[in-house]
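Q: Here is my input; please provide its structure:
(chains A and B)
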There are 2 protein chains.
Amino acid sequence: MSTPASQQPSPQLFFQTMSAHQRTEALKTAIELELFTAIGEGNTTAADIAKRCQASEKGVRVLCDYLTIMEMITKQNGQYALTLDSSVFLDKRSPAYVGGAVEFLDSPLLAGSAKFMTEAVRKGGTAMQDDGTIGPDNAVWVTFARAMAPLMSLPAQLMAKLVDPKADRKLRILDIAAGHGLFGISFAQHNPQAEITAVDWKGVLEVAKENAQTAGVADRYSTIEGSAFDVEFGSGYDVVLLTNFLHHFDPPTCETLLQKVRAALADGGRAVTLEFIPNEDRVTPPEAAGFSMTMLLSTPSGDAYTFAELEKLFANAGYSRSTLHPLPPTIQQVVISEK
Amino acid sequence: MSTPASQQPSPQLFFQTMSAHQRTEALKTAIELELFTAIGEGNTTAADIAKRCQASEKGVRVLCDYLTIMEMITKQNGQYALTLDSSVFLDKRSPAYVGGAVEFLDSPLLAGSAKFMTEAVRKGGTAMQDDGTIGPDNAVWVTFARAMAPLMSLPAQLMAKLVDPKADRKLRILDIAAGHGLFGISFAQHNPQAEITAVDWKGVLEVAKENAQTAGVADRYSTIEGSAFDVEFGSGYDVVLLTNFLHHFDPPTCETLLQKVRAALADGGRAVTLEFIPNEDRVTPPEAAGFSMTMLLSTPSGDAYTFAELEKLFANAGYSRSTLHPLPPTIQQVVISEK
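A: So this is what the prediction gives:
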């Protein structure tokens, strides 16, 4: 055709989007069948992969072709191979394997909430029962703590280096909604004088304590069980970590919490927030901006806040100054707010 | 970062893919709420669109931002607008509106089959009951005939022009698995001497007959009720249409049918096949190649066949020659096979 495709109307994006859900299923199926691991082990034809995965050759051929179209594997002369990303993150033998994150990302509460998108858009918040993911002591956070830890190791290390570059003095750290605990634990690994106090639901803290033990920092790791909105934090902390927490709540709720956090900080202390932070246009970068939808689906009034909005929340809560710090190569950013 | 993103492993594609299903839901929700129509009518802010769609402003803002990221609408200075594609295909007031296709594409049999992908890959065919979509007289084909017709109008017209460019002589056409009937009907509209005989299940033919009536060609339109594998076609046809049919079956089944079709053709007659035809690599072009997955999920042994495979099927069934013809701007192609 001589006319550029962009000038001729096409229903192609409509069709692609209507089948986008198949991509999620294809990834889940490939992880379940250990297909990436099978290829990593040296099985490169549909026949060999099928044998290793205990599946039909035809089914494996169709799935592998589909994953090739999705750019999760490659195909050359009928032989499949892993991409760099797949070999690092989807081959079970890799230390950075993240396939287990499916347990959280595909949990009924998170993936299932998308099925009620129309109702959530009508309502302006989750259509799931019991306030979606933020109900008291929701079991999804134990799943989260176990499933998502492998993905958080890198950002946790980067954050510790950013916030405590010299690592040469005693640091008391409060880790709010600690989850797997990796953020606080990274500070403790990075700085031998750091002491961590982690807040979360009891069941979640069991996971964090296991991780602190494994990391060899259990002697500098204590916990406070319960909701961050209810428990006593104590005081005199040098750093309070708020990692992927504020996005679950509306601005007044965030401000209330940030005042409480400020009261727990020592003079010169800092609140350190890790978030998906869209630009002011709210549509870039796509991953951070798209996170608003996840919050709409799974929380009553959460959101992905822009830096201007976060800055305002902290200012309203009495902080003197907030600064924004990218955390490459992750898609998240850090806001450091001074008491 | 100075390192090119491509050389640094990233779990980004993993995350994107795990949330790809949200894109399908977002499109369905937007169609259900008539959001594209609302924007087309001149509502450009989240507040105005929300009012028109009877939804919350926040929910609409999040959905519109998400659709902007998906490139289905645009956003400039907080104002949303339709893209060319959305205005043509997703605004209800457009004659080319295709939103109704959701009824078929999101039907339990088609969309639901993706939920059983792992089992389908293990088995090499649909894990749905009753042979998926190809069971006798499956009601999904009445849904198909009603929902997909708007998308088939253009390819049907293009095909009639390709196969019967002069439209200057009597043409007897057999339209196998006619569905909405648009392919046969287009030949009848294009050539006043064309006579169509459509084969399909009874309920489906009701839809085709309605469409023939609306198109003003009912006096040259007759029908044969039943399975193409069972009914008597008659003989002496100049053209037999096989549009989106062969992909449901395995090669031996296709060959049996093609022999029967050949017997129904007049000397010099042609079988005209419309298909999703991947290249020999089976992974390009993406839309045609990806259709193999839809067949794996929804049929016992269907597939998206390459041209070499189709050529062989026709040769084995006794045809003298098959030629391949793209049908731009559609993603499908036509194979013309001479008796």
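
Q: how about the least confident helix or strand in chain A by mean pLDDT, does it reach chain B?
A: Lowest by mean pLDDT, DSSP states H and E among the helices and strands of chain A is helix A:102-105, with a mean of 88. Yes: counting by CB under 8 Å from any CB of the partner chain, chain B has neighbours in helix A:102-105: A:102, A:105. For the C-beta atoms, the positions are set from N, CA and C on the backbone; glycine is no exception.

Q: which helices and strands sit right next to whichever helix or strand comes after that helix?
A: Sequence-wise, the next helix or strand downstream of helix A:102-105 (DSSP states H and E) is helix A:117-123. Helices and strands touching helix A:117-123, by 3 or more CB pairs under 8 Å, 6 or more residues apart in numbering or on different chains; DSSP states H and E, are helix A:286-298, helix B:20-32, helix B:57-69.

Q: Tell me which of those sits nearest to residue B:181.
A: Among the helices and strands packed on helix A:117-123, helix B:20-32 comes nearest to residue B:181, with 24.8 Å by CB to CB.

Q: The closest one packs against which elements?
A: Applying 3+ CB pairs under 8 Å, 6+ apart, one finds that helix B:20-32 contacts helix A:12-18, helix A:20-32, helix A:117-123, helix A:286-298, helix B:57-69.

Q: Export the ones you listed as JSON lines, with columns for mean neighbour count, mean pLDDT and distance to residue B:91.
A: JSON lines is the format used below for the helices and strands packed on helix B:20-32 (neighbours: other CB atoms under 10 Å in any protein chain shown; pLDDT from 0 to 100; distance: least, CB to CB, whole Å):
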{"stretch": "helix A:12-18", "mean neighbour count": "19", "mean pLDDT": "93", "distance to residue B:91": "12"}
{"stretch": "helix A:20-32", "mean neighbour count": "24", "mean pLDDT": "97", "distance to residue B:91": "21"}
{"stretch": "helix A:117-123", "mean neighbour count": "23", "mean pLDDT": "97", "distance to residue B:91": "18"}
{"stretch": "helix A:286-298", "mean neighbour count": "24", "mean pLDDT": "96", "distance to residue B:91": "23"}
{"stretch": "helix B:57-69", "mean neighbour count": "25", "mean pLDDT": "98", "distance to residue B:91": "13"}
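
Q: Export the ones you listed to CSV and append columns for distance to residue A:319.
A: Below are these laid out as CSV (distance: least, CB to CB, whole Å):
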stretch, distance to residue A:319
helix A:12-18, 42
helix A:20-32, 39
helix A:117-123, 32
helix A:286-298, 22
helix B:57-69, 26
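
Q: of these, which approaches residue B:246 most closely?
A: helix A:12-18 (19.9 Å).

Q: Render the CA-only coordinates of the closest one in CSV, please.
A: C-alpha atoms of helix A:12-18 as CSV (Å, rounded to 0.1, in the frame of the first residue of the first chain):
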residue,chain,number,x,y,z
GLN,A,12,-5.9,-4.0,14.3
LEU,A,13,-5.4,-2.4,17.8
PHE,A,14,-8.9,-3.4,18.7
PHE,A,15,-8.2,-7.1,17.8
GLN,A,16,-4.8,-7.0,19.5
THR,A,17,-6.3,-5.6,22.6
MET,A,18,-9.2,-8.1,22.7
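
Q: if we compare the helices and strands packed on helix B:20-32, which one ends up closest to residue B:155?
A: Minimum separation from residue B:155 across the helices and strands packed on helix B:20-32 (CB to CB) falls at helix A:12-18, 12.8 Å.

Q: got the contact list for that closest one?
A: B:23-24, B:26-27, B:70-72, B:85, B:89-90, B:98, B:101-102, B:105-106, B:287, B:331 (CB atoms under 8 Å, 6 or more residues apart in numbering or on different chains).

Q: Only the buried members of the residues you listed: can you turn that into a ChimeraX selection?
A: What follows is the ChimeraX syntax for the buried subset of those, where burial is set by 16 or more other CB atoms under 10 Å in any protein chain shown:
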select /B:23,24,26,27,70,72,85,89,90,98,101,102,105,106,287,331
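
Q: For residue A:7, give its distance to residue B:83.
A: Applying CB to CB, to the nearest Å, the value for residue A:7 to residue B:83 is 12 Å.

Q: quick one: low-confidence ranges for the stretch 201-339 of chain A?
A: Within the stretch 201-339 of chain A, no range satisfies pLDDT under 70.

Q: need the contact list for residue A:151.
A: If a contact means CB under 8 Å, 6+ apart, then residue A:151 has A:98, A:101, B:11 as its contacts.

Q: Quick one: the residues you listed as a markdown table, columns for pLDDT too.
A: As requested, the contacts of residue A:151 are arranged in a markdown table below (pLDDT from 0 to 100):
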| residue | pLDDT |
| --- | --- |
| A:98 | 91 |
| A:101 | 90 |
| B:11 | 89 |
